[in-house]
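Participant: Compute the structure for the input listed below.
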Amino acid sequence: AAVGRQVYTGLARLAQYKSAGRLSTIQALVVDLGSNGVFTPADMTELEQLAAGVPRVVLVNVRVPDPWGPESNQTISSVAHRPGFAVVDWWKASENRALLYPDGVHPDPQGAAVYAHLVDAALHLPAHRATG
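Facilitator: Okay, here's the model as predicted:
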């Protein structure tokens, strides 16, 4: 994890992990990208290729006041129906602005607890995607 990571940087890091064999032994991957720049359909295709074989991929959608927020969320939601994928709807959960710092983007301690609970719940949904 890193604060302020761009989508392309996150995907490059994931590619490094894959080439090092670090993705072949994990049961789940949590991806929270798209807040600092647009998450495009081409990025999602790359993510799907990199994550092939990971039984559970959890993506967290974003709450940002920037013009790329809706496009990032649309891209992220595009995989919600796919086996092995889950989408955490942080956009909806963070409608309660009491969960955010005054910048309206970053979760405060209470928001962080809600965020963690949502990710944990998504990790424990039944996985349908076959490994391998």
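Participant: Mind listing residues that contact stretch 62-76?
Facilitator: 32-35, 37-41, 43-44, 59-61, 87, 90-91, 94, 100, 104-105 (C-beta atoms under 8 Å, 6 or more residues apart in numbering). Glycine gets a C-beta too; all of them are placed from N, C-alpha and C.
Participant: Just the buried residues from those residues, in PyMOL please.
Facilitator: Under the burial definition 16 or more other C-beta atoms under 10 Å, those of the contacts of stretch 62-76 that qualify are selected in PyMOL by:
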select buried, resi 32+33+34+35+37+38+39+40+43+44+59+60+61+87+90+91+94+100
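Participant: Buried ones in the longest helix along the chain, by neighbour count?
Facilitator: Scanning the chain for the longest helix, with DSSP state H as the assignment, gives helix 109-123. For helix 109-123, a neighbour-count test (16+ other C-beta under 10 Å) marks 111, 114, 115, 118, 119, 122, 123 as buried.
Participant: for that helix, what is the average pLDDT?
Facilitator: Throughout helix 109-123, pLDDT has a mean value of 96.
Participant: Just give me how far it sits from the chain centre.
Facilitator: 13 Å (C-alpha atoms, centre = their mean, to the nearest Å).
Participant: same for that helix, what does it pack against?
Facilitator: strand 28-31, strand 56-60, strand 85-88, helix 90-93 (3 or more C-beta pairs under 8 Å, 6 or more residues apart in numbering; DSSP states H and E).
Participant: What pairs with the longest one, parallel or antiparallel?
Facilitator: Read that as strand 56-60. strand 28-31 (parallel), strand 85-88 (parallel) (DSSP bridges).
Participant: tally of neighbours for the closest residue to residue 26 other than its chain neighbours?
Facilitator: Residue nearest to residue 26 in three dimensions, not counting chain neighbours: residue 54, with 6.1 Å by C-beta to C-beta, 6 or more residues apart in numbering. Taking other C-beta atoms under 10 Å as the neighbour definition, residue 54 ends up with a count of 19.
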